[in-house]
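Colleague: Build the 3D model from these lines:
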Amino acid sequence: MNQSPFIVSPYPARPSAPWKLEIKASFAGKKIRRFFQAESQAFEEGARMVSLIRENGTRGLQEEAGLTVAQAASLWSRSVGANSKSHRDKVAAMEAALVRQFRGRLDEVLPMDVDRWLRELGRTETSRAMWFRYARMFFRWCCRMRFIDRSPLEGLRAPRSTPGRNILSPAQMKALLQAPMSDEVMALVLLGGFAGLRTIEVARMNWEDIDTKTGQIHVRPEVSKQHEGMLERVVDMTEPLAKRRKFFEKKTGRIVAGSTEALHEKRRKVALALGWGGWPDNALRHSFATYHLGRCGNAGLTAFQMGHTSPTLVQRVYAVPAVRADWKAWWRI
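Modeller: Next comes the predicted model:
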């Protein structure tokens, strides 16, 4: 019978460190795991850790333990990069919430703890869905970085949000297109309403990404909103865009010269001039999805055009308004 306080075994699920060292709970008071590139490293570390525990208890391992949730959350938030301000704010809020809730090690977080915590975070199903989405983003990132083997959110059911849908009517879109605005705001309106591009994608694009000869728009990897969509895609120019080819021709460089925040402010001023009281959130993209699905009746095709990975989500959110929408009038604009 093996009386050793630790076990070394192969762990092929972690190719970068395929040998697992496990200190038995009967010896340390709780199970402790470490991963190594070589079997010999695992045995050497096992003997060293056993010696430390015998001399000082598990306190002797505290400084050498795996990342804490707070440390991992800090690394994750710094990896986000230049996404939209809204996304950065939500990442910061999730980091703060993780630090408040989990003060121990990352690899000790249990699914039941995360499930209880997320249920308490949001007041509505929609807000709970947002917290769940960003928590899932964090733990998946930790898995990709090899900080943990498995996300504690695996197997948990995601809350079903009820998103607000700000959909412009064809008449509202016509009025918007006739309003005075800069070329960058006009590009945002056209590409959002008639190609389904996100604001952050337009802000990262070059005029050259819009090929008026082939009628295609290339959403490059560095342009796409990768944390919740496809790596890249090619979007077709719809009829309203084809009618306005000359607007896109002979322009070079970045579509949006300034910051995304400045673009939002310019867009808001256009809406105020129209008497809208402000810019309706995601109105262009929601409108595109609704009218595109209404015309084609194919959630998979609409999802691809929008850069979504889930046709089911598109069907759930837009199917009912698409049936009721005057999509013929929209595509005649």
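Colleague: Kindly export the helix or strand bottoming out on mean pLDDT in the chain (C-alpha atoms) in PDB.
Modeller: Lowest mean confidence among the helices and strands of the chain (mean pLDDT, DSSP states H and E): helix 311-324, at a mean of 77. The C-alpha coordinates for helix 311-324 follow below in PDB (Å, rounded to 0.1, in the frame of the first residue of the first chain):
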ATOM      1  CA  PRO A 311     -27.800  31.800 -34.500                       C
ATOM      2  CA  THR A 312     -29.900  30.700 -31.600                       C
ATOM      3  CA  LEU A 313     -29.400  34.100 -29.900                       C
ATOM      4  CA  VAL A 314     -30.300  36.000 -33.100                       C
ATOM      5  CA  GLN A 315     -33.500  33.900 -33.400                       C
ATOM      6  CA  ARG A 316     -34.500  34.400 -29.800                       C
ATOM      7  CA  VAL A 317     -33.900  38.200 -29.800                       C
ATOM      8  CA  TYR A 318     -35.000  39.300 -33.200                       C
ATOM      9  CA  ALA A 319     -37.500  36.700 -34.600                       C
ATOM     10  CA  VAL A 320     -40.700  38.300 -33.300                       C
ATOM     11  CA  PRO A 321     -39.800  41.900 -34.200                       C
ATOM     12  CA  ALA A 322     -38.500  40.700 -37.600                       C
ATOM     13  CA  VAL A 323     -42.000  39.300 -38.400                       C
ATOM     14  CA  ARG A 324     -43.600  42.600 -37.700                       C
END
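Colleague: who does that helix touch, helix- and strand-wise?
Modeller: Helix 311-324 sits against helix 283-296, helix 299-306, with contacts defined as 3 or more Cβ pairs under 8 Å, 6 or more residues apart in numbering; DSSP states H and E. For every residue, glycine as well, the C-beta is placed using N, CA and C.
Colleague: So what touches that helix?
Modeller: Residues external to helix 311-324 that are found in contact with it (Cβ atoms under 8 Å, 6 or more residues apart in numbering): 163, 165, 167, 286, 289-291, 293-294, 299-300, 302-303, 306, 308.
Colleague: Just give me the closest of the residues you listed to Lys90.
Modeller: Distance to Lys90 across those (Cβ to Cβ) is lowest for Pro163, with 14.9 Å.
Colleague: Break down the stretch 151-300 of the chain into its helices, ranges please.
Modeller: 170-178, 183-195, 199-204, 239-243, 245-248, 260-273, 283-296, 299-306 (DSSP state H, counting those that start in this stretch).
Colleague: among those helices, which is nearest Ala92?
Modeller: If you check each of these against Ala92 by Cβ to Cβ, helix 260-273 wins as the nearest, at 15.7 Å.
Colleague: gap between that closest one and the chain center?
Modeller: Computed by Cα atoms, centre = their mean, to the nearest Å, the chain-centroid distance of helix 260-273 equals 24 Å.
Colleague: can you check stretch 13-20 too?
Modeller: Between the centre of stretch 13-20 and the centre of its chain there are 27 Å (Cα atoms, centre = their mean).
Colleague: wait, doesn't Asp236 sit right on Val219?
Modeller: No. The criterion here is Cβ atoms under 8 Å, and Asp236 misses it with Val219 at 11.8 Å.
Colleague: for the stretch 101-250 of the chain, what spans make up the strands?
Modeller: 210-211, 216-219, 233-236 (DSSP state E, counting those that start in this stretch).
Colleague: hang on, the earlier thing: more crowded one of Asp236 and Val219?
Modeller: A direct count of neighbours by other Cβ atoms under 10 Å for Asp236 and Val219 places Val219 higher, at 25 against 13.
Colleague: For the closest residue to that one other than its chain neighbours, give its distance to Val223.
Modeller: Leaving out its chain neighbours, the residue that sits closest to Val219 by Cβ to Cβ, 6 or more residues apart in numbering is Arg233, at 5.0 Å. Per Cβ to Cβ, to the nearest Å, Arg233 is found 10 Å from Val223.
Colleague: Also Glu44?
Modeller: Going from Glu44 to Val223 by Cβ to Cβ gives 48 Å.
Colleague: Got phi/psi on Asp281?
Modeller: Main-chain dihedrals, Asp281, degrees, to the nearest 10: phi -60, psi 130.
Colleague: Surely it is in contact with Thr199?
Modeller: No. In this structure Asp281 lies outside contact range of Thr199 using Cβ under 8 Å: 10.3 Å.
Colleague: With neighbour numbers in mind, choose between these two.
Modeller: The neighbour count for Asp281 versus Thr199, taken as other Cβ under 10 Å, is higher for Thr199 (22 against 12).
Colleague: tell me which residues in the helix ranked longest in the chain are buried?
Modeller: Counting residues, the longest helix in the chain under DSSP state H turns out to be helix 125-144. For helix 125-144, burial by neighbour count (16 or more other Cβ atoms under 10 Å) applies to 128-139, 141-142.
Colleague: Next: stretch 91-103.
Modeller: Buried residues in stretch 91-103, counted by 16+ other Cβ under 10 Å: Val91, Met94, Glu95, Ala97, Leu98, Gln101, Phe102.
Colleague: Helix or strand for the first one, just tell me which one.
Modeller: Counting by DSSP states H and E, the element that carries Val91 is helix 85-101.
Colleague: Where does the prediction get shaky in the chain?
Modeller: Low-confidence segments of the chain (pLDDT under 70): 1-2, 16, 58-66, 81-84, 123, 160-165, 225-230, 309.
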